[in-house]
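# Kindly return the folded structure for what I paste below:
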Amino acid sequence: MANPSRQAVNFAAPRGFATAFKADCKETFFPDDPFHEMKHEKPLNKLKKTIQYFIPLFEWLPNYNLRLFRYDLLAGITITSLAIPQGISYAKLASIPPIYGLYSSFIPPFVYSIFGSSKHLAVGTVAACSLLLSETVGAKASPQDDPTLYLHLIFTATFFTGIFQTALGFLRLGILVDFLSHSTITGFMGGTAIIICLQQLKGMFGLIHFTTHTDVVSVVGAVFRHRNEWRWESAVVGIIFLAFLQFTRYLRQKRPKLFWVSAIAPMVVVVVGCLFAFFAHAEKHGIQIVGELKKGLNPPSIQYLNFDPQYLPVTVRAGLITGLIAMAEGIAIGRSFAIMKSEQTDGNKEMIAFGFMNIIGSFTSCYLTTGPFSKTAVNFNAGCRTAMSNVVMGFCMMLTLLFLAPLFRYTPLVALSAIIMSAMLGLINYDEMIHLFKVDKFDFVICMAAFLGVSFISMDVGLMLSVGLALLRALLYVARPAACKLGKIPNSSLYRDTEQYPGSTPIQGVLVLQLGSPIYFANSTYIRERVLRYIKEEQGVSDSKTDIIEHLLLDLSGVSSIDMTGIETFLELRRILDSKGIKLSIVNPRIEVLEKMTLAKFTDAIGKESFYLSIEDAVQNCRFSLHSSKTTMEEA
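As a prediction, this is how the structure comes out:
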């Protein structure tokens, strides 16, 4: 006899495969439901909004005005002053001629302003990917022995980066970026900053010979092996420049309104360094300079893309790894600054924008570009309003390439080393690492795997170690899902974890368990054993008959999906419980779970009366059943 006040569970006919598959795909690839607002629009408006969705330029440009342009003009000029020294510095880090660093800050900003969704992101080259490209491609072609082949392979790797990023964007697979956790990125950036800083000791000491390896041991060993090449003049100039740059960073932290001092500091270092090198004839004193920089805009490079099978594996590998890192960094930075303004960025649009930037860039003598933190921070603080600041930067860089590039030929390499070191010191986030250690030890281990792996082995190995540990953790969550025993909170209808709420009271004769993850082949055996252990623990406390469990309620409200192995496990669990005289009941299964159970005839096997809408309904019905059984026994 059932409890008459019980709420009914909806056993609607399962959805068809096509309907369920469409719903799953939509939630996986279109969780933001971008076309929902266009559903009831007229065809012309729908076409207009569709174009605006895929090409964000058409969304903000019609409403653009001179008032906004004033802010973007200032921001664009400011980030250009940072882009010039950074472009030269990071090209040096990538072991390619410095002029290609300037090329990479000319074409990509125009492309991003058309397709990018962030108002604040300023695009350009980044140190980590520059070094990673140098390390990966340099293992196949030496930048010293065959610079032409090396440069062509860099362009090819950039092309594959663009193809990879664009494909992920169009397929809406931004979920892959989520595998690079916050802990992984923190450790990777910190480890990268360490090895980049150490590599700059070559420029700081004026060394001629150096190692091609990037790990700490090799770099430090190379510095001390070539002590005979140390030049004190270079070291003194480098320390002065580094101290000046660090002072401006300190000033920006203390006086945020003086952010522009820190922004133009690298340009000041370059200009002062050029003047010093020219008038003091620095080359005669062992202070190396950049050398010739030709005037002119980006020459085409599409004809230099190298798809030779001999080099294809290394360029594809370099493109995929650097593409994933550049994507994660750029999207994370764009989102961070958007949150400050209560705005949103679309990760998939960003991937498409980055992809187009790198594809077109590989055709026009650019190497990998994304959204660097330092340049974006300067752009944000300078008051940019739209992506027009990138257009301004592109035009300023065009003027630089046409008229000013040769003036930077006297830039001392030690000045570039100081600029890179200053930028990298800000990427070692000690506070965040300490915070991870206090909050989550496993997250700290993931962070340290990236940090130490990058520092002492290599960048790609460190990254893979960290991602591997993060995936292992995710698999452990799946294989060992959380389960807890629920008790009733006094004077309420709430049921909560008895461990978290010791004051909650168990229900006599009824055991309520809550499962909180998908039930798959990987965890179904564990779930069965864990449930049976809960029953054994409950009945093993006392031999009193009042402690005998007669009903087991499984709350599946937190179970998002189940496979056939999971259903077979429930059937096996039911057979075991029947042999113990325990009735199994299911509480609040979600539609995906209930559909699978219906199609697998599980609902018929245990009876639809064993499904309940809420724990309170199930408990009331169990009490009614227990009372009826007790009355029947007394009458007998």
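# which other helices and strands contact the host helix or strand of Gly487?
Secondary structure from DSSP states H and E places Gly487 in strand 483-488. If contacts are counted by 3 or more C-beta pairs under 8 Å, 6 or more residues apart in numbering; DSSP states H and E, strand 483-488 sits against strand 495-497, strand 510-515, helix 524-540. From N, CA and C alone the C-beta is placed, and that goes for glycine too.
# Tell me which other helices or strands the last one touches.
Helix 524-540 is packed against strand 483-488, strand 510-515, strand 551-555, helix 564-579, with contacts defined by 3+ C-beta pairs under 8 Å, 6+ apart.
# deepest of the ones you listed, which one?
strand 551-555 (a mean of 23; mean count of other C-beta atoms under 10 Å).
# what angle separates it from strand 510-515?
Strand 551-555 and strand 510-515 are oriented at 20 degrees to each other (axes from the mean of the first three to the mean of the last three C-alpha atoms, to 10 degrees).
# Check which strands are paired with strand 551-555 and give the direction for each one.
Strand 551-555 pairs in its sheet with strand 510-515 (parallel), strand 583-587 (parallel), by DSSP bridges.
# The closest residue to Ala418 other than its chain neighbours: how many residues sit nearby?
Using C-beta to C-beta, 6 or more residues apart in numbering and skipping the chain neighbours, the partner closest in space to Ala418 is Phe241 (3.7 Å). Counted with other C-beta atoms under 10 Å, the neighbours of Phe241 add up to 28.
# Return the residues in contact with Phe241.
Val269, Gly273, Val414, Ala415, Ala418, Ile419 (C-beta atoms under 8 Å, 6 or more residues apart in numbering).
# Output the residues you listed in CSV; the columns should cover neighbour count, secondary structure and distance to Phe624.
Listed next are these as CSV, based on neighbours: other C-beta atoms under 10 Å; DSSP: H, G, I helix; E, B strand; the rest coil; distance: C-beta to C-beta, whole Å:
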residue, neighbour count, secondary structure, distance to Phe624
Val269, 25, helix, 82
Gly273, 27, helix, 86
Val414, 33, helix, 85
Ala415, 32, helix, 84
Ala418, 29, helix, 80
Ile419, 27, helix, 77
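# quick one: which of those is nearest Phe373?
Closest approach between the contacts of Phe241 and Phe373, by C-beta to C-beta: Ile419, at 14.8 Å.
# residue contacts, the closest one?
Pro85, Gln86, Ser89, Phe241, Leu245, Pro266, Val269, Val270.
# Apply 7 Å and report the result again.
Pro85, Ser89, Leu245, Pro266, Val269 (C-beta atoms under 7 Å, 6 or more residues apart in numbering).
# same question, Ala423
Taking C-beta under 7 Å, 6+ apart as the test, what Ala423 contacts is Ala127, Ser374.
# Surely Leu465 is in a helix?
Yes. Assignment of Leu465 by DSSP: H, G, I helix; E, B strand; the rest coil places it within a helix.
# Count the residues that sit near it.
By other C-beta under 10 Å, the residues close to Leu465 number 20.
# what's the spacing between it and Pro406?
Applying C-beta to C-beta, to the nearest Å, the value for Leu465 to Pro406 is 45 Å.
# can you check Val587 too?
Val587 sits 76 Å away from Pro406, going by C-beta to C-beta.
# Between these two, point out the one with more neighbours.
Taking neighbours as other C-beta under 10 Å, Val587 and Pro406 compare with Val587 leading, 25 against 11.
# is that one in a bridge, and if so with what?
Beta-bridge partners recorded for Val587 (DSSP bridges): Asp555, Tyr612.
# That one contacts Ile615, correct?
Yes. In this structure, Val587 is within contact of Ile615 by C-beta atoms under 7 Å, at 5.5 Å.
# list residues touching both of the two?
Common neighbours of Val587 and Ile615 (criterion: C-beta under 7 Å, 6+ apart): Leu553, Asp555.
# can you map out the helices along the stretch 251-400 of the chain?
259-280, 312-340, 347-363, 373-381, 388-399 (DSSP state H, counting those that start in this stretch).
# Which one, of those, ends up nearest to Lys140?
helix 312-340 (4.3 Å).
# Can you check what angle separates the closest one from helix 373-381?
Going by the same axes, to 10 degrees, helix 312-340 makes 30 degrees with helix 373-381.
# average pLDDT for the strand holding Gly487?
For strand 483-488, mean pLDDT rounds to 89.
# pretty sure Trp40 belongs to a helix, no?
Actually, residue 40 is His. It isn't Trp. No. Counting by three-state DSSP, His40 is not found in a helix; it is coil.
# Just give me the neighbour total for it.
The burial count for His40: 8, using other C-beta under 10 Å.
# The one 3 residues further on now?
Counted by other C-beta under 10 Å, the residues lying close to Pro43 total 7.
# and if you look at Ala600?
With other C-beta under 10 Å as criterion, Ala600 counts 18.
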